[in-house]
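> My questions are about this predicted structure, shown below with the sequence.
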Amino acid sequence: MHENDVAKIIVNACYQIHTKLGPGLLETVYEAVLFHELSKRGLKVNKQVPVSVTWDNVTIEQGFRADLIVEELVIVEIKSVEKLAPVHSKQLLTYLRLANKRLGILVNFSGFLLKSNIKRVANGLRE
């Protein structure tokens, strides 16, 4: 499966979750529900995946935790904030580089309209 195919399934699941649950819950709730929904759709999903950072030939075992990694291809970064800030996309791009992934989905479930609160972030992936 290609990153774009996985992303379509993720986005569809996010819309379904946002429609049924609405905005305003904690990130952990959306993460658990999205994990369940994607698993139910037959995708391999890992949550709170530790990703190491190497600096000066020293490996820092837990540089960060990826909210979800789907099919070992796409990182999903979940937010539940009033408004996405530019730093959120930059953060996800850094995660993609460090994890050697080409596509990330940034989703803010607290926005009134999910369409303006979901973003693709690519790291060397052609559209």
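Everything's here; your move. Numbering: from 1, shown residues only.

> need the strands for the protein, in chain order.
Assigned by DSSP state E, the strands in the chain fall at 45-55, 58-70, 74-79, 103-108, 118-122.

> Would you convert those strands into JSON lines that also reports mean neighbour count?
Where C-beta positions appear, they are placed from N, C-alpha and C, glycine not excepted. JSON lines is the format used below for those (neighbours: other Cβ atoms under 10 Å):
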{"stretch": "strand 45-55", "mean neighbour count": "14"}
{"stretch": "strand 58-70", "mean neighbour count": "15"}
{"stretch": "strand 74-79", "mean neighbour count": "24"}
{"stretch": "strand 103-108", "mean neighbour count": "24"}
{"stretch": "strand 118-122", "mean neighbour count": "18"}
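
> got TSV for those, with mean pLDDT and distance to Thr19 too?
Formatted as TSV, the strands of the chain follow (pLDDT from 0 to 100; distance: least, Cβ to Cβ, whole Å):
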stretch	mean pLDDT	distance to Thr19
strand 45-55	92	20
strand 58-70	89	19
strand 74-79	97	16
strand 103-108	97	13
strand 118-122	95	13
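
> among those, which is nearest Glu3?
Glu3 sits nearest to strand 103-108 of all the strands of the chain, at 4.1 Å, using Cβ to Cβ.

> Compute the inter-axis angle for the closest one and strand 74-79.
20 degrees (axes from the mean of the first three to the mean of the last three Cα atoms, to 10 degrees).

> other SSEs contacting strand 103-108?
Packing partners of strand 103-108 (3 or more Cβ pairs under 8 Å, 6 or more residues apart in numbering; DSSP states H and E): helix 3-21, strand 74-79, helix 86-99, strand 118-122.

> The last one packs against which elements?
Here strand 118-122 touches helix 3-21, helix 86-99, strand 103-108, going by 3+ Cβ pairs under 8 Å, 6+ apart.

> Need the winner for burial among those.
Among the helices and strands packed on strand 118-122, strand 103-108 has the highest mean neighbour count (mean count of other Cβ atoms under 10 Å), at a mean of 24.

> Pairing partners for it, with directions?
strand 74-79 (parallel), strand 118-122 (antiparallel) (DSSP bridges).

> and of the ones you listed, who's closest to Leu93?
Leu93 sits nearest to strand 118-122 of all the strands paired with strand 103-108, at 5.4 Å, using Cβ to Cβ.
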